[in-house]
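Enquirer: next input, structure requested:
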Amino acid sequence: MEQLSASSSFSVATPQGLRVLIASSEAHPLIKTGGLADVAASLPTALRQLGCDARLILPAYPRAVRQLREPKPVCELRMQGCRANIRIMAGLHPDHDLPVYLVDAPESFAREGNPYTDLSGRDWGDNAERFLLFCRVIAVIAQGLPAMNWQPEILHGNDWQTGLAPALLQDAPHRPATVFTIHNLAYQGLFDRATYDRIGLPSTLWSLSGLEFHQRLSFIKGGIVFSNRVNTVSPTYAAEVRTPRFGCGLDGLLRQIGGRFSGILNGIDYDVWNPDSDPLILQRYSREHFGLKVENKLDLQREFGLPRSEDAFVLGYIGRLVEQKGVDLILAILPELLRDPRVQLVVVAAGERQIEQALLDIAAKYPRQIGIFIGYDETRAHRIEAGCDVFLMPSRFEPCGLNQIYSLRYGTVPIVHRTGGLADTVVNSTPDTLAQGNATGFLFDETQPQALLNAIWQALRLYRDDPEGWRRLATTGMAQDFSWEASARQYLQLYSDALAEHQTCHAASA
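Expert: This is a model prediction of the structure:
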């Protein structure tokens, strides 16, 4: 790598404290496909509020470039495997005074739409090259660039797209301590051996103790093996992925790293997800004025072309249409569920084409009970959270999940499978928990259509037979606190542990 040119260094007034570089392939609202984007924007913001000098780095997708505040070039880099120079842009997050660095490599990242797939939904054929380049730049910046006048003490990577950065830093004399967060172990960044040879990684990294995983290159394994600390996004999921059922072949490695691995529950940003101040919904409301929520139901019904009725029992779903999310369970129960003409379903989702088509087909059969929007739309997501009575999350596994936490704050009772972060955030409604005022939702244990349907019938009975009990259930959920501050403090401890191990290893090798 050769630094070619530099402008005056970008600087912003920041609290004195730990220097943290958070690397992510997406961050809301710059670019978003899922919960990772929400975390990547919210966590560094929460860390800064606690006194850290946290900054964010991600690829310079066109949408991200358009939204960056006060953008300015910092320097240009010449990187291995890249024909053109790489420009580093610096600016501020659109919604927070959070410094953001964008890796401007047009051949790799100047693509509109989804950051990982083309318009047909297939992975970009050069994803290995694209995200290796991203990791190479992260590794360079993590060691300090004169033009930036800043070097992190902690490099915090997220998911497979950043997993090679710790591996590339392993022998660097001025490397920071490294933390790596697994947001979903099912997505590992796997490529064949020919790709490994083509993209120019060191041959020494191809081993069982390195990046090799069943004769394939694993980006995520790089983050797990070469980081000082590894975590995932809920305590229950951290336990689950150490088992063969949920470990996706990496459970043995996660057991092997022992105390280096932990689970920290994601928080949410209540400045964004709060029905009392949400600018995207028709009628704002609070626990004390829960009755106003019904106005959002009527507005949601109007928006999706459904009969407007306060008495309707409206279920919502937002998410990806993939097997993990259990959408097939929803599809399987709809013919029986919709026999009740006062039940409605509203969906904002995208994913596998056959699931999209199956939803559209059944919506055509029940036009007065099902409203579908294929795609992701942030405004519609807020309106579903505000307008529905219940929110469905029948995921087969769920590392953390955010929509059930959003639903709790909006008084939209979640119905979830007892797994991962869903089990950590929702208290099941039983006669005891309802009587004690602890219940916040409904959980089911088997990923079978009948189990989901039974949970919905249980919710529907309470909704219709005991309106005051339903109000208590919904408003108990609204009172829960899953803000980022508590989670950010746990990350501070994780950073401290990573620094201590890094300093011990550095001293031992000196």
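Enquirer: so where's this protein shaky on pLDDT?
Expert: Applying pLDDT under 70 to the chain flags residues 1-16, 506-510.
Enquirer: measure the closest residue to residue 211 other than its chain neighbours to residue 283 for me?
Expert: Using CB to CB, 6 or more residues apart in numbering and skipping the chain neighbours, the partner closest in space to residue 211 is residue 205 (4.8 Å). Using the backbone N, CA and C atoms, a C-beta is placed for each residue, glycine as well. Remark: distance between residue 205 and residue 283 (CB to CB, to the nearest Å) = 56 Å.
Enquirer: what's the nearest residue to residue 216 once chain neighbours are set aside sitting at in phi/psi?
Expert: Distance criterion CB to CB, 6+ apart; nearest residue to residue 216, sequence neighbours excluded, is residue 190 at 5.0 Å. When read as degrees, to the nearest 10, the backbone of residue 190 gives phi -100, psi 130.
Enquirer: mind listing the strands for the stretch 51-200 of the chain?
Expert: Taking DSSP state E, counting those that start in this stretch as the test, the strands found in the stretch 51-200 of the chain are 53-59, 69-78, 86-92, 99-104, 154-158, 177-182, 190-192.
Enquirer: run through who's touching the fourth one.
Expert: If you take CB atoms under 8 Å, 6 or more residues apart in numbering as the criterion, strand 99-104 is touched by 10, 12, 14, 27, 30, 55-60, 64-65, 68, 71, 74, 86-93, 109, 133-134, 137, 141.
Enquirer: and that strand, how far out from the chain middle?
Expert: 19 Å (CA atoms, centre = their mean, to the nearest Å).
Enquirer: and for the longest one?
Expert: With CA atoms, centre = their mean as the basis, strand 69-78 stands 27 Å off its chain's centre.
Enquirer: paired strands for it, with orientation please.
Expert: Strand pairing for strand 69-78, using DSSP bridges, gives strand 2-6 (antiparallel), strand 86-92 (antiparallel).
Enquirer: same check on the fourth one?
Expert: Sheet partners assigned to strand 99-104 using DSSP bridges are listed as strand 53-59 (parallel), strand 86-92 (antiparallel).
Enquirer: CA atoms only: put it into CSV for me.
Expert: Output of strand 99-104 as CSV, limited to C-alpha atoms (Å, rounded to 0.1, in the frame of the first residue of the first chain):
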residue,chain,number,x,y,z
PRO,A,99,-17.7,10.8,12.1
VAL,A,100,-18.0,8.5,9.1
TYR,A,101,-15.3,7.3,6.7
LEU,A,102,-16.3,6.0,3.3
VAL,A,103,-14.1,3.7,1.2
ASP,A,104,-14.5,5.2,-2.3
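Enquirer: quick check: buried residues in stretch 27-40?
Expert: By neighbour count on 16 or more other CB atoms under 10 Å, the buried set for stretch 27-40 is 27-32, 34-40.
Enquirer: pull the most distant pair out of those.
Expert: Using CB to CB, the buried residues of stretch 27-40 reach their maximum pairwise distance at 30 and 35, which is 14.9 Å.
Enquirer: test my guess that residue 49 contacts residue 483.
Expert: No - in this structure, residue 49 is not within contact of residue 483 by CB atoms under 8 Å, at 10.6 Å.
Enquirer: which one's more surrounded, these two?
Expert: Counted by other CB atoms under 10 Å, residue 49 and residue 483 do not tie: residue 483 has more neighbours, with 17 against 14.
Enquirer: list phi and psi for the more buried one.
Expert: Per degrees, to the nearest 10, the backbone of residue 483 is at phi -70, psi 170.
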